[in-house]
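**Student:** Predicted coordinates and the sequence they were generated for:
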Amino acid sequence: MRPLLRSSLGVLPFLGSHSATESRVITQAGLPTYPRKMMHYQTEERGQLNSPNYRMYFKNSEGKYISPFHDIPLFTEAQQQLYNMVVEVPRWSNAKMEIATKEPLNPIKQDIKKGKLRYVANVFPHKGYIWNYGALPQTWEDPNHTDKDTKCGGDNDPIDVCDIGSMVCSPGQVIQVKVLGILAMIDEGETDWKVIAINTEDPDAENLNNIDDVRKSRPGHLEATVDWFKKYKVPDGKPENQFAFDGQFKDKDFAIKTIKSTHEHWRALVQKKTNGGEIECKNISVCASPFKCSVDETRDVVQSAPASGSTLPVSPEVDKWYFL
């Protein structure tokens, strides 16, 4: 079976403020033409969806395999403080999909715990994830860096993002977001920042500019976000998560400062100026990175993955409700 290719659009950094969009067309031969300022990303699926061998790899507009962690730029428009977000999990879904930080080219895969595919529980009244969930590329929460406010090290992943827009995105979609605020979750002794942002394509994006705007225009949404992060691991037998700042959201300026800090930690990581442990830093575009590799190397990585296969069924247990 041929690999399944999907396409999405992102914005080239520093070339204007045209917002990111997505093409849901499955591309099989050739690429459509888009405005010059747009950068086209494709995703190629390998293995079988809903299985441990499933992987979603990324390609750029030239058809070259890239890392969504390292090769997609953080900024889409630096002066306007707009960022790329790589969507890992669509709103209302349960599969814990994530950028595989310890695999070459960092494809999206489903997390595995105790040998089983991981699905987040439906903790009443929430159904799966309550936002489009993903990460900001070219950021890294350094576990060796102790945050002065949380007094904890980072969680060793790109910084997480919750897109609170009304559109339901697709896994692997690259969208342009406006940052509104941030929440500091403490997960098993690690700082796990949660950036609150909105897709610039959302009808409400123009009117939401800071966390207070969210609080005023969407009553209960921020409280639901804290409740979700506090309880989502409880059905797995774990305690409730804790938060710094008494569970209060910090504003846009604080969020942007935190993102910049994680961007600098990422830069040190890919330039081998800090110990990244098992983090895989293979990339094709980062200047001064000793991990920069050839197109042939990236092709070999993808071709070594299992061929694309049919989607496997999901257990009915995933739809179970939990009342806590």
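**Tutor:** Okay, I see it.
**Student:** Burial check on Gly276, number of neighbours?
**Tutor:** Gly276 has 22 neighbours, counted by other C-beta atoms under 10 Å. All C-beta atoms are positioned from the backbone trio N, CA, C, and that covers glycine.
**Student:** Look at the closest residue to it other than its chain neighbours and tell me its secondary structure.
**Tutor:** Nearest non-adjacent residue to Gly276, counting by C-beta to C-beta, 6 or more residues apart in numbering: Leu269, 4.8 Å away. Assigned state for Leu269: helix (three-state reduction, DSSP: H, G, I helix; E, B strand; the rest coil).
**Student:** Touching, Leu269 and Glu278? I think so.
**Tutor:** No: checked against C-beta atoms under 8 Å, the pair Leu269 and Glu278 is beyond contact range at 11.9 Å.
**Student:** wait, what's in contact with the residue nearest to Gly276?
**Tutor:** Neighbouring residues of Leu269 by C-beta atoms under 8 Å, 6 or more residues apart in numbering: Trp140, Asp142, Gly276, Ile279, Cys281.
**Student:** May I see the residues you listed organised as a markdown table, with pLDDT and secondary structure added?
**Tutor:** Shown next, in a markdown table, are the contacts of Leu269 (pLDDT from 0 to 100; DSSP: H, G, I helix; E, B strand; the rest coil):
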| residue | pLDDT | secondary structure |
| --- | --- | --- |
| Trp140 | 98 | coil |
| Asp142 | 98 | coil |
| Gly276 | 96 | coil |
| Ile279 | 98 | coil |
| Cys281 | 98 | coil |
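**Student:** Name the nearest of these relative to Asn207.
**Tutor:** Trp140 (32.0 Å; C-beta to C-beta).
**Student:** That closest one: neighbour count?
**Tutor:** 29.
**Student:** got the buried residues for the longest strand anywhere in the chain?
**Tutor:** As assigned by DSSP state E, the longest strand anywhere in the chain is strand 174-187. Neighbour counts using 16 or more other C-beta atoms under 10 Å place 174-186 of strand 174-187 among the buried residues.
**Student:** Could you do stretch 279-289 as well?
**Tutor:** For stretch 279-289, by 16+ other C-beta under 10 Å, it's Ile279, Glu280, Cys281, Lys282, Asn283, Ile284, Val286, Ser289.
**Student:** gap between Thr274 and Asp227?
**Tutor:** 35 Å (C-beta to C-beta, to the nearest Å).
**Student:** got the contact list for Cys162?
**Tutor:** Trp131, Asn132, Tyr133, Lys194, Val195, Ile196, Ala197, Thr225.
**Student:** So which of those sit within helices?
**Tutor:** Thr225 (DSSP state H).
**Student:** now, among the contacts of Cys162, which is nearest to Val301?
**Tutor:** For these, the nearest to Val301 is Tyr133 (25.5 Å; C-beta to C-beta).
**Student:** State the distance from the residue nearest to the closest one when sequence neighbours are not counted to Pro104.
**Tutor:** With sequence-adjacent residues excluded and distances taken as C-beta to C-beta, 6+ apart, Tyr133 is closest to Val89, at 4.2 Å. Distance of Val89 to Pro104, computed by C-beta to C-beta: 22 Å.
**Student:** Test my guess that Ser285 contacts Phe69.
**Tutor:** No: judged on C-beta under 8 Å, Ser285 makes no contact with Phe69 at a distance of 11.8 Å.
**Student:** distance of Phe245 from Glu188?
**Tutor:** For Phe245 relative to Glu188 (C-beta to C-beta), the value is 18 Å.
**Student:** swap that for Ser217, please
**Tutor:** From Ser217 to Glu188 the distance is 34 Å (C-beta to C-beta).
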